[in-house]
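Novice: What follows is a protein structure lacking sequence information:
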């Protein structure tokens, strides 16, 4: 079977709007924030700092799918209220993960964009449900998903009427133990050749190594990605989730400074 709704037709490119943020317009959009929302003060402080660096979208997990049932699972609706407050204070758009179709109406008022995490990439009832709503969807590649698996997961959403979808390459599992996953940079131009959808990368999950986030961000930029999602925490060593792959404010500032210096060099190369 061939793709129908997200297939690229000639030079067609999809532009996706999430609140005030725009994916796929030729720019390189930055999404940043903590892996998990841990409290109001922590989130507001992070959002204010990110706003100073012109971050377009605030990310934060309120419902957390964790490997262990004993790990921190998120603040749920309470956390989403903090996200909404942070968005109103800074003007940034918000993206947060949804795991259960039954939570759609509860989460809807608090977010500008639904995120489908890697563990739910082939949760077909969830994909169909978000496809029936009028908010854009950030779809992450599964832990061992092929390119075809990934694209058809997006098609499940689009079939229901919502093709405001952004694909996120977030790394796939391998046999190595030096990194958490392997960030498949080649997937960026390939996905943009096969579909009309914007494509971003997540080097935080894609590597799991703090020192690799900057070079992988620049690699994604050069490969034609439409943006990047980065985990940022005011004190990563105390983070309740993914502290080892989170940047503190100083490291994030260094990344943004480097990104700003090199972004203009790649503008002519980033057309696929």
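Specialist: Yep, that arrived. It should be emphasised that the depicted structure is a prediction, and the values quoted were computed from it without experimental measurement. Numbers count the residues shown, from 1 in each chain.

Novice: Next, count neighbours for residue 9.
Specialist: When neighbours are defined as other Cβ atoms under 10 Å, residue 9 has 6 of them. Backbone N, C-alpha and C define where each C-beta goes, glycine included.

Novice: er, residue 101 actually
Specialist: The number of residues packed near residue 101 is 15, by other Cβ under 10 Å.

Novice: That one contacts residue 131, doesn't it?
Specialist: No. Under the contact definition of Cβ atoms under 8 Å, residue 101 does not touch residue 131, with a separation of 10.9 Å.

Novice: does residue 229 belong to a helix or a strand, and which?
Specialist: Counting by DSSP states H and E, the element that carries residue 229 is strand 227-231.

Novice: Which strands border that strand, and is each parallel or antiparallel?
Specialist: Under the criterion DSSP bridges, strand 227-231 sits next to strand 29-33 (parallel), strand 199-201 (parallel) in its sheet.

Novice: Average pLDDT for the shortest one, rounded please.
Specialist: Within the predicted structure, the mean pLDDT of strand 199-201 is 98.

Novice: What of stretch 45-52?
Specialist: Mean pLDDT, stretch 45-52: 98.

Novice: Kindly report the same for stretch 237-256.
Specialist: For stretch 237-256, the per-residue pLDDT values average out at 94.

Novice: quick one: residue 190 from residue 141, how far?
Specialist: 12 Å (Cβ to Cβ, to the nearest Å).

Novice: Compare neighbour counts for the two and give me the winner.
Specialist: residue 141 (28 against 17).

Novice: Pull the contacting residues for that one.
Specialist: 118, 121, 150, 167-172, 184, 187 (Cβ atoms under 8 Å, 6 or more residues apart in numbering).

Novice: Assign the residue nearest to it when sequence neighbours are not counted to helix, strand or coil.
Specialist: For residue 141, ignoring the flanking residues on the chain, the nearest one in space by Cβ to Cβ, 6 or more residues apart in numbering is residue 150 at 4.9 Å. Under DSSP: H, G, I helix; E, B strand; the rest coil, the three-state class of residue 150 is helix.

Novice: Hmm, residue 150 is touching residue 142, no?
Specialist: Yes. If you go by Cβ under 8 Å, residue 150 and residue 142 touch, sitting 7.0 Å apart.

Novice: Can you pull the residues that touch both of those two?
Specialist: With Cβ under 8 Å, 6+ apart as the test, residue 150 and residue 142 both reach residue 121.

Novice: Those two - which one has more neighbours?
Specialist: For residue 150 and residue 142, the more surrounded residue by other Cβ under 10 Å is residue 150, and the numbers stand at 25 against 21.
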